[in-house]
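Participant: generate coordinates for the sequence data below:
(chains A and B)
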Amino acid sequence: DVKVTQSSRYLVKRTGEKVFLECVQDMDHENMFWYRQDPGLGLRLIYFSYDVKMKEKGDIPEGYSVSREKKERFSLILESASTNQTSMYLCASKTTWWGGGYNEQFFGPGTRLTVL
Amino acid sequence: GQQLNQSPQSMFIQEGEDVSMNCTSSSIFNTWLWYKQDPGEGPVLLIALYKAGELTSNGRLTAQFGITRKDSFLNISASIPSDVGIYFCAGQRNSGNTPLVFGKGTRLSVIA
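Facilitator: Model prediction:
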């Protein structure tokens, strides 16, 4: 079974702190994604990476950065956490499609971050 | 960034009822997907649709890829309490590593 794990299920931080959210996948997937989920807004893409050391901005990258030094690990960084970054953060991974059909995107269980 | 128009936003239904939700877009997608998110968990893929007009079932779930490639619907028949959760539609324009575009979700509550 594909497994995407996130370092914490719940996290409480203070305004101004630097926050690291870690994501690890065990299926050698090339592509990894970070989303935030807010009530009524659905899933919004923050950043994604299609290879080691590669990163692309998603729809809402402001206030975030990412790091992908190893294929299995994709980190989301909040340089200076703010209260409006209180949210559920979801990591996902998928392999690259090479033929017909669709390669499933697998999600982690999420990290609920509260910034006080 | 673009999001898909998903409706309804929420539904309260009696156990045993059928449920229908849909997703529309102003642009064409080559793949439509339906995910379910249980409380406290990440979304899990229910159904993937690859061809316009395609109708696919997975147990009590049936989904269709619209002919115009700009819409999709998901039906759940004879709902049960474990159907509770948030259902997301998602579309992908191209193959490979193009990110998915998600709807805002339909929150389903089932009253026993």
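
Participant: OK, contacts around residue 4?
Facilitator: This is for chain A. A:23-25, A:91-93, A:106-108, B:42 (C-beta atoms under 8 Å, 6 or more residues apart in numbering or on different chains). From N, CA and C alone the C-beta is placed, and that goes for glycine too.

Participant: switch to chain B, that's the one I care about
Facilitator: B:Leu4 makes contacts with B:23-25, B:89-91, B:101-104, as judged by C-beta under 8 Å, 6+ apart.

Participant: coming back round to it: mind putting the contacts of A:Val4 in JSON lines, neighbour count and secondary structure included?
Facilitator: Converted to JSON lines, the contacts of A:Val4 look like this (neighbours: other C-beta atoms under 10 Å in any protein chain shown; DSSP: H, G, I helix; E, B strand; the rest coil):
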{"residue": "A:Cys23", "neighbour count": "25", "secondary structure": "strand"}
{"residue": "A:Val24", "neighbour count": "18", "secondary structure": "strand"}
{"residue": "A:Gln25", "neighbour count": "22", "secondary structure": "strand"}
{"residue": "A:Cys91", "neighbour count": "27", "secondary structure": "strand"}
{"residue": "A:Ala92", "neighbour count": "26", "secondary structure": "strand"}
{"residue": "A:Ser93", "neighbour count": "28", "secondary structure": "strand"}
{"residue": "A:Phe106", "neighbour count": "21", "secondary structure": "strand"}
{"residue": "A:Phe107", "neighbour count": "24", "secondary structure": "strand"}
{"residue": "A:Gly108", "neighbour count": "23", "secondary structure": "coil"}
{"residue": "B:Gly42", "neighbour count": "20", "secondary structure": "coil"}
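
Participant: just the buried positions in stretch A:40-57, please.
Facilitator: A:42-50, A:55 (16 or more other C-beta atoms under 10 Å in any protein chain shown).

Participant: low-confidence ranges, chain B, go.
Facilitator: Scanning chain B for pLDDT under 70 picks out B:1, B:95-97.

Participant: can you pull the buried residues of stretch A:56-71?
Facilitator: Buried, per 16+ other C-beta under 10 Å, within stretch A:56-71: A:58-59, A:64, A:66-68, A:71.

Participant: so which of those sit within helices?
Facilitator: Of those, none are assigned to helices by DSSP state H.

Participant: hmm, which two among the residues you listed are most spread apart?
Facilitator: A:Asp59 and A:Lys71 (24.3 Å; C-beta to C-beta).

Participant: circling back to that earlier point, out of the contacts of B:Leu4, which touch chain A?
Facilitator: B:102-104 (C-beta under 8 Å from any C-beta of the partner chain).

Participant: neighbour count for those - can I get that in a markdown table?
Facilitator: Compiled in a markdown table, the ones next to chain A among the contacts of B:Leu4 are given as follows (neighbours: other C-beta atoms under 10 Å in any protein chain shown):
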| residue | neighbour count |
| --- | --- |
| B:Phe102 | 26 |
| B:Gly103 | 26 |
| B:Lys104 | 22 |
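
Participant: ranges for the strands of chain B?
Facilitator: B:5-7, B:10-14, B:19-24, B:31-37, B:44-49, B:55-58, B:61-65, B:71-76, B:85-92, B:101-102, B:106-111 (DSSP state E).

Participant: typo on my end, chain A
Facilitator: Using DSSP E, strands in chain A cover A:4-6, A:10-13, A:19-25, A:31-38, A:42-49, A:56-57, A:65-70, A:73-78, A:87-94, A:106-107, A:111-115.

Participant: fine by me, we can end here.
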